[in-house]
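Enquirer: with the input below, show me the fold.
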Amino acid sequence: MTREKYLELLSQLKHHSHLYYVLDSPEISDYDYDMLYKKVEEIERKYPQWLDPNSPTQRVGGEVLEGFNKVPHPRPLGSLDNSFNAEDLLNFARRVRELDDKASFVLEEKIDGLSVVLHYEAGRFVLGATRGDGLQGEDVTKNLRTIRSIPLELSEEVNLVVRGEVYLPKAQFQRLNRQQEEEGLPAFANPRNAAAGSLRQLDTSLMAKRGLSILIFDLIEGPNFVSHTEKLAYLKNLGFRVIGAQLFSSMEEVIERLPSIEKMRAEKEYEIDGLVVKVNEEDTQRRMGETSKAPRWAIAYKFAPERSATELLDISWTVGRTGVVTPTALLEPVRLSGSLVQRASLHNVDYVEERGIRIGDQVFVEKAGEIIPQVVGVVPGSRRGERDPDIPRNCPSCGSKLVHLEDEVALRCLNSSCPAKLLRSMEHFVSRDAMEISGLGIKILETFMEKDYLKGPQDLYHLKDRREELVKLPGFGEKSIDGILEEVEKSKSKALDRLIFALGIEHVGRVAASSLANNYDSLAELREAQAEDLQEIEGIGPKLAQSIILYFSTKDNQNLLDELERLGLGRALETSEGLEAFEGKRFVLTGTLPLSRRVIEEALKKAGAKVSSSVSKNTDYLLMGDKAGSKEDKALELGVKIIDFDELMHMGLIID
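Expert: Predicted coordinates for the structure are as follows:
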């Protein structure tokens, strides 16, 4: 392998990545793209000195940020004045015509996302910030680099600043909320909230998994153009994914187009909450100017939220893995945002009681962010509910008495043997971000539980003893069962953070699980931790520490953990031979490094080192890359040794 060959393959990967993520017009199959990606990734792993920081392989994140610095914008970024009807738009057009009677209008979709500003120097992406208060935003460059539709290099070496809208596609939003549910975390209300929360993730690897995208809608600094449409065409030629723009010669034409666009909004991959009308001529824009809050040459047209009335037929109650009992409205089918809705969220028991919702009522249903149907209230003047909802006193699955814990709006089942809780817990244990046991979907888990093969996660590792029974089950065969058994066996070697997350400890998500695994070598060591020890870990507060201690002190959990340890799960990683330089040493990583943070961290742990997220008096080495933050100052203050990646490799670290 030569560097020239690497650069040739990298050029191909960049080309196909741009076609796929920006232009949405791939030339090769997903498989061929994955193979090319894997080949480039393998070369970069083997020859880290060749690594191009703008390689598509470097968009996976891996750095845990300390926070976000404030960044001033080149010029104030105003919001838009709103219009809600045709009359408002015609009034806007009259003001434009007073200055330019030949002005034309551009119509764009108003994406319900998060506005960001991207800076490029010599054609390279160097800085990205949120809109913030319009004068300054937060530096979220590292998170933005993980968004594959943001070009890291442009087709020309130009200096410019652009503005775009980061959004979470509807399909990704649904996937993310399923994941939130699996982790016992609250669902995001809408894609916009999810996008905003993702962009402010301190763990860039989590941000990379969220699947955000972007559309560019303005050029803030750069060449001058005669029209807005010319400007968008220029940005598209540079490699940006730009907002779609329709050009009209009159506002009457714009108004005529509105109903058809609103009708099609449900078919869009992203959420739109309205449209934006802009004056196309740049000279007219400059002459109209701006107020202190908004440009005078543009206006937003807001859609009314779509809502339908239908009859509430009944309420069902379901139990999640943490025991939370959630009400779901069963509705007379009603069409909403392009789909037939028969079920809708009622959030929690307090929500139902506060609104006085009764079975048989006519209720309003909306789609939260046009995706999640929810009951928003009773239709005024049409109340004819026949009966109050049957608020359960006992768990619908196991019959145990439900409790309403202090400071919670939810009812909970506290029975650790509840079948519904167990099923959802098992689903979480085998999930992709936990033990990643492929082939064990919820239906198969349910079948195994009905046969009494599974009563807890530990029983997964005894399924091999039932192989002859399993292959005789309807719908199964030797190949499928052997595949499942192989996946179960492979999961024994999963990293400690995955096991901690898989246990489903309340409030312990992937970030907290990773922090715990970075500070404890094994499950046995973690079980011995005291609350005060846990609270010394960055991101672990009193409430989370107490939740962890409570989990480990429960007899049923102790029995489970004893069995998992006996089976070989959660043990300290075997360290490589001849790496005494790393044994027991505590490392902290900061800045942009030649390889992903996860790869380096795994190599350090395998060598016997510990990896922490913050510098303290117990830190032995600070591994520093480019653009290091305040960790360098802290290390200098405490006398911690600072090394770069080359020095780390000279110490003998082996990276697979």
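
Enquirer: now do the same contact list for the residue nearest the centre of the chain.
Expert: The residue lying closest to the centre of the chain (C-alpha atoms, centre = their mean) is R210, at 2.9 Å. Listed by C-beta atoms under 8 Å, 6 or more residues apart in numbering, the contact partners of R210 are L168, Q172, L176, A194, S198, Q201. The C-beta positions use only the backbone N, C-alpha and C, and glycine is treated the same way.

Enquirer: hang on, isn't the second one packed against K209?
Expert: Pointing back at Q172 there. No. Look at Q172 against K209 with C-beta atoms under 8 Å: they stay out of range, at 9.7 Å.

Enquirer: kindly indicate whether Q342 is helix, strand or coil.
Expert: strand (DSSP: H, G, I helix; E, B strand; the rest coil).

Enquirer: tally of neighbours for the nearest residue to it once chain neighbours are set aside?
Expert: Of all residues not flanking Q342 in the chain, P333 sits nearest, at 5.0 Å (C-beta to C-beta, 6 or more residues apart in numbering). P333 has 12 neighbours, counted by other C-beta atoms under 10 Å.

Enquirer: part of a helix, is P333?
Expert: No. When the secondary structure is assigned by three-state DSSP, P333 falls in strand instead of a helix.

Enquirer: which parts of the stretch 101-250 of the chain are strands?
Expert: Across the stretch 101-250 of the chain, reading from the start of the chain, the strands by DSSP state E, counting those that start in this stretch fall at 105-111, 114-121, 124-130, 136-138, 160-167, 213-221, 245-248.

Enquirer: can you list the domain ranges for the chain.
Expert: Domain segmentation of the chain under automatic domain parsing yields 3-56, 72-302, 307-412, 416-493, 496-566, 586-650.

Enquirer: next up, the contacts around the nearest residue to A86 once chain neighbours are set aside.
Expert: Ranked by C-beta to C-beta, 6+ apart and with sequence neighbours excluded, the top spatial neighbour of A86 is I255, at 4.8 Å. By C-beta under 8 Å, 6+ apart, the residues touching I255 are A86, L89, L90.

Enquirer: most neighbours, which of those residues?
Expert: With neighbours set by other C-beta under 10 Å, the maximum within the contacts of I255 is found at L89, which has 21 neighbours.

Enquirer: check which helix or strand that one maps to.
Expert: L89 is located in helix 86-99, with elements delineated by DSSP states H and E.

Enquirer: just to check, V409 is in contact with L346?
Expert: No. Under the criterion of C-beta under 8 Å, V409 lies out of contact with L346, with a separation of 11.7 Å.

Enquirer: go through this protein and flag its longest helix.
Expert: As far as residue count goes, and with DSSP state H defining each element, the longest helix of the chain is helix 3-21.

Enquirer: which SS class is the residue nearest to A86?
Expert: State at I255, reduced to three classes by three-state DSSP: helix.

Enquirer: ok, now how distant is it from E98?
Expert: I255 sits 19 Å away from E98, taking C-beta to C-beta, to the nearest Å as the criterion.

Enquirer: also I216?
Expert: I216 sits 31 Å away from E98, taking C-beta to C-beta as the criterion.

Enquirer: ok, the two, which is more surrounded?
Expert: For I216 versus E98, neighbours defined as other C-beta under 10 Å are more numerous around I216 (22 against 9).
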